[in-house]
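A.B. asks: here are the coordinates; sequence isn't available:
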Ligand code: FAQ
């Protein structure tokens, strides 16, 4: 349903944006020129390569926010593991939530290659300084929410992440290849769970429609602010980190989702949603950006609950980290004694 075929050719790079130069002397200028040439040739930057500070900083910002989103994103669905309606659904959901943890780990590892430590990133999350995706601050009220998260939230996540497989920073791009394969399974399991509910009782069908009504607009906002209000987009695209703009990805998501909603038999809650023959795209209504920014700034319905849960898990896991470190030290001592 969502595959690498969604990876469309890049538009023209916004040439008006210059590559940010940190060069202060001739030697640095030569490094900067080599970096610029590699970006212009659509090459990959690897951890050992010289890169401008601003490029490094942007990547740490985006990759760490992405990692935080994955591990905070485990929580709304994790709430339903003990209440899944069957053993099969429980096994699938457990696998999915574990996958999200794995995505967080690949991404923290990718960010660490840029010289930031996992402790620093987690401290930023736990103290409320770091952002994570707005979508995970909403509650999961019924079992249908779990299906809708798979269908729409993972669907939106894949749409955004497939172009990141071609990101200019090697470790991030490689992590995204595996993440996207797993997200594809997540999206399908959610859609399949909803298809089953839609063949059930009227109460089950109503539950699905209610969940779609609550999540649809939040998923559209998930792609980030409109291009005109997106401070990081132009530079991110110039650097080959971002390949497709927030608005273009949002449009692709709407166009891909409308036929899926028809097959499922649900209505997308937007009276302005209609096919525009001239644009060859669907038009859609206005997104509530005030609500989006309130959520991003820590005032969403579950921001506090999500952070408290993460901090509690971190504190309660302290003994595991200490034990792992003690074991590693023991092994190292043993190896040194054997080598001596
Ligand atoms: N929520 O200038 P832009 C998932 C912030 S993973 C919160 O457009 P940029 C898997 C943005 O950070 C979902 N904040 O920024 C899953 C920036 O703030 P800053 C996460 C947002 O970076 C499924 C400011 O607004 N995916 O779902 C959001 O060029 C199910 C201005 O925005 C990724 O992180 C938002 N929705 O574009 C897991 C993908 N949108 O840092 C569990 C990687 C924007 O300047 C269960 N990230 N902001 O203070 C990206 O592609 C980009 O960072 C964007 C934002 C597109 C998210």
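C.D. replies: Nice, thanks for sending it over. Being a predicted model, the structure only gives us computed values, none of them experimental.

A.B. asks: I'd like to know how far residue 186 sits from the ligand.
C.D. replies: Look at residue 186 and the ligand: by CB to the nearest ligand atom, to the nearest Å, they are 7 Å apart. Glycine gets a C-beta too; all of them are placed from N, C-alpha and C.

A.B. asks: check which helices and strands the helix or strand containing that residue sits against.
C.D. replies: Using DSSP states H and E, residue 186 maps to helix 170-197. For helix 170-197, the contact count by 3 or more CB pairs under 8 Å, 6 or more residues apart in numbering; DSSP states H and E identifies helix 87-112, helix 143-148, helix 155-161, helix 202-221, helix 246-264 as packing neighbours.

A.B. asks: turn those into a markdown table, including distance to residue 124 and mean neighbour count.
C.D. replies: Below are the helices and strands packed on helix 170-197 laid out as a markdown table (distance: least, CB to CB, whole Å; neighbours: other CB atoms under 10 Å):
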| stretch | distance to residue 124 | mean neighbour count |
| --- | --- | --- |
| helix 87-112 | 11 | 18 |
| helix 143-148 | 28 | 25 |
| helix 155-161 | 22 | 25 |
| helix 202-221 | 23 | 19 |
| helix 246-264 | 23 | 18 |
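
A.B. asks: is residue 230 in contact with residue 246, as I believe?
C.D. replies: Yes. The criterion here is CB atoms under 8 Å, and residue 230 meets it with residue 246 at 5.5 Å.

A.B. asks: overlap in contacts, the two.
C.D. replies: Common contact partners of residue 230 and residue 246 (CB atoms under 8 Å, 6 or more residues apart in numbering): residue 224.

A.B. asks: give me the neighbour count for residue 316.
C.D. replies: 9 (other CB atoms under 10 Å).

A.B. asks: that one and the ligand, how far apart?
C.D. replies: 21 Å.

A.B. asks: what of residue 96?
C.D. replies: Applying CB to the nearest ligand atom to residue 96 and the ligand gives a distance of 8 Å.

A.B. asks: picking up where we left off before, and the helix holding residue 186, how far out from the chain's middle?
C.D. replies: Distance, stretch centre to chain centre, for helix 170-197: 11 Å (CA atoms, centre = their mean, to the nearest Å).

A.B. asks: tilt between it and helix 87-112?
C.D. replies: 160 degrees (axes from the mean of the first three to the mean of the last three CA atoms, to 10 degrees).

A.B. asks: buried ones in helix 170-197?
C.D. replies: Buried residues in helix 170-197, counting neighbours by 16 or more other CB atoms under 10 Å, are found at 170-173, 175-176, 179-180, 182-184, 186-191, 193-194, 197.

A.B. asks: got the helices and strands packed on helix 170-197 as TSV, with distance to residue 132 and mean pLDDT columns?
C.D. replies: As requested, the helices and strands packed on helix 170-197 are arranged in TSV below (distance: least, CB to CB, whole Å; pLDDT from 0 to 100):
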stretch	distance to residue 132	mean pLDDT
helix 87-112	10	97
helix 143-148	19	98
helix 155-161	13	97
helix 202-221	14	98
helix 246-264	17	98
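
A.B. asks: let me know the average pLDDT across the strand or helix carrying residue 324.
C.D. replies: Residue 324 belongs to helix 318-339 when assigned by DSSP H and E. In this model, helix 318-339 has a mean pLDDT of 96.

A.B. asks: and the residue nearest the centre of the protein?
C.D. replies: Centroid-nearest residue in the chain: residue 66, 4.9 Å away (criterion: CA atoms, centre = their mean).

A.B. asks: ok so that residue is a helix residue?
C.D. replies: Yes. Counting by DSSP: H, G, I helix; E, B strand; the rest coil, residue 66 is found in a helix.

A.B. asks: how about it, nearest residue that isn't a chain neighbour?
C.D. replies: Nearest non-adjacent residue to residue 66, counting by CB to CB, 6 or more residues apart in numbering: residue 107, 5.3 Å away.

A.B. asks: okay, that neighbour and the ligand: tell me how far apart.
C.D. replies: Distance from residue 107 to the ligand, by CB to the nearest ligand atom: 9 Å.

A.B. asks: can you check residue 133 too?
C.D. replies: 4 Å.

A.B. asks: mind listing what that residue touches?
C.D. replies: Contacts for residue 133 (CB under 8 Å, 6+ apart) come out as 65, 69, 72-73, 222.

A.B. asks: how close does it get to residue 62?
C.D. replies: Relative to residue 62, residue 133 is positioned 12 Å away (CB to CB, to the nearest Å).

A.B. asks: isn't the residue nearest to residue 66 up against residue 70?
C.D. replies: Yes. With contact defined as CB under 8 Å, residue 107 counts as touching residue 70 (6.3 Å).
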